[in-house]
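Undergrad: let me see the structure of the following:
(2 chains)
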There are 2 protein chains.
Amino acid sequence: MAASCRLKPLSRVAVSGGTHGNEMSGVYLAKHWLRDPMELRRDSFAVTPFLGNPCAIEKCVRYVGRDLNRTFTTEFLSSAEAEDEPYEVVRARKINQTYGPKGSAQAFDFMFDLHNTTANMGACLIVDSEESLLPMHMCHYIQTHYTRSPCPIYLYKLPGEETYSINSVAKAGLVLELGPQPQRVVRADLFAQMRGLMACALDFIELFNKGTVFPAFEIEAYKITGLMDYPRYPDGEISAMVHPKLQDKDFLPLNPGDPIFQTFSGEEILYKDDTTIYPAFINEAAYYEKKVAFAKMEKHTFSMPGLQRE
Amino acid sequence: MAASCRLKPLSRVAVSGGTHGNEMSGVYLAKHWLRDPMELRRDSFAVTPFLGNPCAIEKCVRYVGRDLNRTFTTEFLSSAEAEDEPYEVVRARKINQTYGPKGSAQAFDFMFDLHNTTANMGACLIVDSEESLLPMHMCHYIQTHYTRSPCPIYLYKLPGEETYSINSVAKAGLVLELGPQPQRVVRADLFAQMRGLMACALDFIELFNKGTVFPAFEIEAYKITGLMDYPRYPDGEISAMVHPKLQDKDFLPLNPGDPIFQTFSGEEILYKDDTTIYPAFINEAAYYEKKVAFAKMEKHTFSMPGLQRE
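TA: Below is the predicted model:
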């Protein structure tokens, strides 16, 4: 990478709350901003809050037909309208029209997406990969200026995988993934955190737009390498739970031989791979159906070049 | 009350897991016992585990048509079958046939019902009222012998109210309400707690059946006096969250003037009644739709007479 990069200033920024309709920090923040957008205002750019999945929010469920946040691929965005297609496919096309189209010059400059997890992930910042320079600078700014909680960085894109999430319709994006919070519950502490993180991120964009020079830095981030399913009976039902020694230990090292599951009969199951990993999304409610007990992460340190506006 | 009471020994005991299909400690415990009932076996009585709401368990939701655990009233149990009635009305009649009929001599002697809450209620023991002598002795035995967690007693029946819950079809019952645990998540620590509490309760029945004399005692319990809704906008949407100072403070004293809510704009709302209460079910996920931010409880001390079998 170059020692310093210049990027265009951002003019149009969107924020989605309720991409998953039962993750309540973002649902209630977006609803609040739609009533009173004052705190989103900055001099140099416009911020548009919106409800990602209004139908799922109304029913207080993750999704109605299929997971909206896995629906922003070419397959779905370019498919012909059909009568029996899931609500979320229609909704994804509409969001792509409004804030994209994905990959085009007309797309919004940036999209925030607000999520909660039942896992103990703190104020996690999710970026597609370390190659996304502006979001990585934003993460670094947040880690430096938002001090009420650790903000681990989660890089979600597997090599060669197409982006599929709602913020991939904009030119760049960041996901705030705050936990632990049960589905369908809004906790005042996490609500305040999400609000504070958003204010900090908007301040970063304002500084960038106004010409602040952000120097090069080194930064630690967790990069996904794979997923771990629950042990199962032959009929497909899970036969074990996350081990009490792993529960709530997101982003802490898991070494070969450490316990990862406990069967309902009481036996321990140990981690058998030969390298240390840093699990995340441990015991996330929505991932049982995705056959994911936790995501396997590697810890990396990346050298990022400096950044300023063109 | 008499200084000591004699009751018939118990021969048939049932345990429902998944009365609410997304409260996973009971769902997975009942499923485990259906595969391997060994740990439920005692000499003097039979224990029958069952899945309360199989259709809701399959979909991992609280209920499909209406809350099963509010459906065991004369109105629903004695209603004629109808084509468009909710699944849970059909299911309640079936459970009443199998383990009741409610109020009859043929009814099961005892029913346990296994629940989780997103509230910080610990290992809460729910009984209809302090007049239920055998369940109150069971609670006292659990509090004395199960020492891994405090076990507050919650008396749920309002004066004059008809019983409506699943265990009301048996002659007596006890609800285990363990939290905090998100909906759709099974935590190994709470699973172990629920299993331990059940073992302790079954041991109590065994001792009672075999003739142990349980002396009189005094016991502290929380009795419901009413419910508190969230503040709302004119359109019905909630306008505030549980205050961070009240969150997770179940069964602790709430005094007049203490903060109870924080609006999404940031204002505090204070508790205005003129007596101290002990809130429970604070910020329970399933109670948003019931318009309940918390249950208002009074703390009482009851003198219970001794107990032995006839």
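Undergrad: for A:Gly257, what are its contacts?
TA: Contacts of A:Gly257 were listed using CB atoms under 8 Å, 6 or more residues apart in numbering or on different chains, and they are A:270-271. All C-beta spots, glycine's among them, are computed from the backbone N, C-alpha and C.
Undergrad: any chance of the backbone angles for it?
TA: phi 90, psi -10 (degrees, to the nearest 10).
Undergrad: can you give me the pLDDT of it?
TA: For A:Gly257, the pLDDT comes out at 98.
Undergrad: same thing with A:Ala188?
TA: Reported pLDDT for A:Ala188: 98.
Undergrad: next one: the one 10 residues further on
TA: Looking at A:Met198, its pLDDT stands at 98.
Undergrad: with A:Leu158 instead?
TA: Looking at A:Leu158, the pLDDT reads 87.
Undergrad: look at whatever residue of the stretch 51-200 of chain A ends up closest to chain B and give its secondary structure.
TA: Closest contact between the stretch 51-200 of chain A and chain B, by CB to the nearest CB, is at A:Pro182 (3.5 Å). Here A:Pro182 takes the coil state, with states given by DSSP: H, G, I helix; E, B strand; the rest coil.
Undergrad: measure it to A:Thr118 for me?
TA: 6 Å (CB to CB, to the nearest Å).
Undergrad: same check, this time on A:Val242
TA: 11 Å.
Undergrad: now for those two: what residues contact both?
TA: A:Asn283.
Undergrad: ok, A:Met198 to B:Gly65 distance?
TA: Distance from A:Met198 to B:Gly65, by CB to CB: 39 Å.
Undergrad: show me which of the two is the more surrounded one.
TA: Using other CB atoms under 10 Å in any protein chain shown as the criterion, A:Met198 and B:Gly65 rank with A:Met198 on top: 24 against 16.
Undergrad: quick one: the more buried one is in a helix?
TA: Yes: applying three-state DSSP, one finds A:Met198 inside a helix.
Undergrad: what sits closest to the spatially most central residue of chain A if chain neighbours are left out?
TA: Central residue of chain A (CA atoms, centre = their mean): A:Val175, 3.4 Å from the mean position. Distance criterion CB to CB, 6 or more residues apart in numbering or on different chains; nearest residue to A:Val175, sequence neighbours excluded, is A:Ile126 at 3.7 Å.
Undergrad: how about low-confidence regions in the stretch 101-250 of chain A?
TA: Along the stretch 101-250 of chain A, segments meeting pLDDT under 70 are nowhere present.
Undergrad: what parts of it come near chain B?
TA: Within the stretch 101-250 of chain A, the positions adjacent to chain B are A:118, A:180-189, A:191-192, A:237-238, A:241-244, A:247 by CB under 8 Å from any CB of the partner chain.
Undergrad: which residues sit in contact with the residue nearest to A:Val175?
TA: A:115, A:153-156, A:174-177.
Undergrad: so what touches stretch A:299-310?
TA: A:1-9, A:130, A:133-134, A:136-137, A:140, A:208-209, A:211-223, A:278.
Undergrad: which parts of chain A are helices?
TA: All helices of chain A, identified by DSSP state H, fall at A:24-35, A:54-59, A:74-77, A:87-99, A:133-145, A:188-209.
Undergrad: which residues are contacting the third one?
TA: Among residues not part of helix A:74-77, those counted as contacts by CB under 8 Å, 6+ apart are A:89, A:92-93, A:96, A:101-102, A:162.
Undergrad: which of the residues you listed tops the neighbour count?
TA: A:Ala92 leads the contacts of helix A:74-77 on contacts (other CB under 10 Å) with 28 neighbours.
Undergrad: my read: that residue touches A:Phe72, true?
TA: Yes: contact criterion CB atoms under 8 Å: A:Ala92 and A:Phe72 qualify, at 5.6 Å.
Undergrad: what do the two both touch?
TA: Taking CB under 8 Å, 6+ apart as the contact rule, A:Ala92 and A:Phe72 both touch A:Ile166.
Undergrad: and stretch A:206-219, how far out from the chain's middle?
TA: Stretch A:206-219 sits 22 Å away from the centroid of its parent chain (CA atoms, centre = their mean, to the nearest Å).
Undergrad: list the buried ones in it?
TA: By 16 or more other CB atoms under 10 Å in any protein chain shown, the buried positions in stretch A:206-219 come out as A:207-209, A:214, A:217, A:219.
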